[in-house]
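>>> Requesting a structural model of the entry that follows:
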Amino acid sequence: MDINEAQATLQKLKNCKVTQSEIAKALKKDRSNINAKAKRGTELKLKEVQELEQYFNVILTDSACQLAQQINNIETKSQLAQIEYYPDVYLSAGYGCEVMDEYSETVVIDSRFLMSERGMRVNPKNCKMVCISGNSMFPEYHHGDRVIIDESDTNLTDGQIYAFRYDGQCYVKEINRAGNKIKCISVNKEYEPFFIERDVDFKVFGRILPRIRL
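Coordinates of the predicted model:
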């Protein structure tokens with residue numbers, strides 16, 4: 001049901017003239033916005049159907065509500081993303097921990113969380129969710145927090161937080177390059193930074209997506 005169909009149905013149900021200005025008032029929109037939607041034949045959303053019903057004290061057709069519900073579901077689904085979550089994999093925020101298990105399950109999150117530091121959308125297929133162990137990254141991250149790793153971003157950038165393996169242990173630390181060494185920094189200043197030689201057992205899993213702590 002679009003604006004024109006809604007207007008015709010309302011007039012029939014109310015047995016009186018219903019103007020686009022009244023519809024605009026019911027939907028809390030400008031008259032020009034309603035006119036433009038009417039010209040384009042834009043389908044009403046579920047919320048808009050419900051607002052018209054409430055304002056005019058009528059019940060619109062079931063088919064209109066069903067169509068609006070379908071549109072609403074499609075729009076909601078487009079904002080969701082599926083990523084792999086490894087509940088038994090821990091990144092140490094302290095002094096390192098081993099990966100104990102690699103059982104995974106799929107979780108659904110709002111895709112708007114999947115943004116890089118530069119505001120670019122990150123492909124959920126490149127993302128993995130794991131847990132934080134320890135408190136050396138406090139208050140940025142707490143023990144038990146779930147974080148998202150962007151596995152497509154493995155090029156080290158100073159000042160960014162990465163997940164990596166070093167000498168058989170898995171960590172999450174802020175990284176700074178210092179000559180031929182890599183400085184691993186904890187947010188919690190009670191923990192001293194440590195240095196990694198570039199030619200040792202060192203693998204970057206990816207960058208931790210910013211401002212996400214689930």
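
>>> residue ranges for the helices of this protein, please.
3-14, 20-27, 31-40, 46-56, 62-77 (DSSP state H).

>>> Which other helices and strands does the fourth one contact?
In this case it means helix 46-56. Helices and strands touching helix 46-56, by 3 or more C-beta pairs under 8 Å, 6 or more residues apart in numbering; DSSP states H and E, are helix 3-14, helix 20-27, helix 62-77. No exception for glycine: its C-beta is placed from N, CA and C like everyone else's.

>>> Compare the mean pLDDT across those and name the weakest.
Lowest mean pLDDT within these: helix 62-77, at a mean of 56.

>>> between the helices of the chain, which gets nearest to Arg146?
Proximity to Arg146 (C-beta to C-beta) singles out helix 62-77 among the helices of the chain, at 22.4 Å.

>>> ok, Ile148 - how many residues close by?
Number of residues near Ile148 (other C-beta atoms under 10 Å) recorded here: 25.

>>> isn't it right next to Cys127, touching?
Yes - counting by C-beta atoms under 8 Å, Ile148 does reach Cys127; the two are 5.3 Å apart.

>>> longest strand anywhere in this protein?
Counting residues, the longest strand found in the chain (DSSP state E) is strand 80-92.

>>> now that one: mean pLDDT?
The average pLDDT within strand 80-92 is 82.

>>> what comes up buried for stretch 174-187?
Across stretch 174-187, burial judged by 16 or more other C-beta atoms under 10 Å covers Glu174, Ile175, Asn176, Ile182, Lys183, Cys184, Ile185, Ser186, Val187.

>>> I'd like the residues you listed laid out as JSON lines, including distance to Met115 and pLDDT.
What follows is the buried residues of stretch 174-187, written out as JSON lines (distance: C-beta to C-beta, whole Å; pLDDT from 0 to 100):
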{"residue": "Glu174", "distance to Met115": "19", "pLDDT": "94"}
{"residue": "Ile175", "distance to Met115": "20", "pLDDT": "93"}
{"residue": "Asn176", "distance to Met115": "23", "pLDDT": "93"}
{"residue": "Ile182", "distance to Met115": "26", "pLDDT": "92"}
{"residue": "Lys183", "distance to Met115": "26", "pLDDT": "93"}
{"residue": "Cys184", "distance to Met115": "25", "pLDDT": "93"}
{"residue": "Ile185", "distance to Met115": "23", "pLDDT": "93"}
{"residue": "Ser186", "distance to Met115": "25", "pLDDT": "92"}
{"residue": "Val187", "distance to Met115": "21", "pLDDT": "90"}
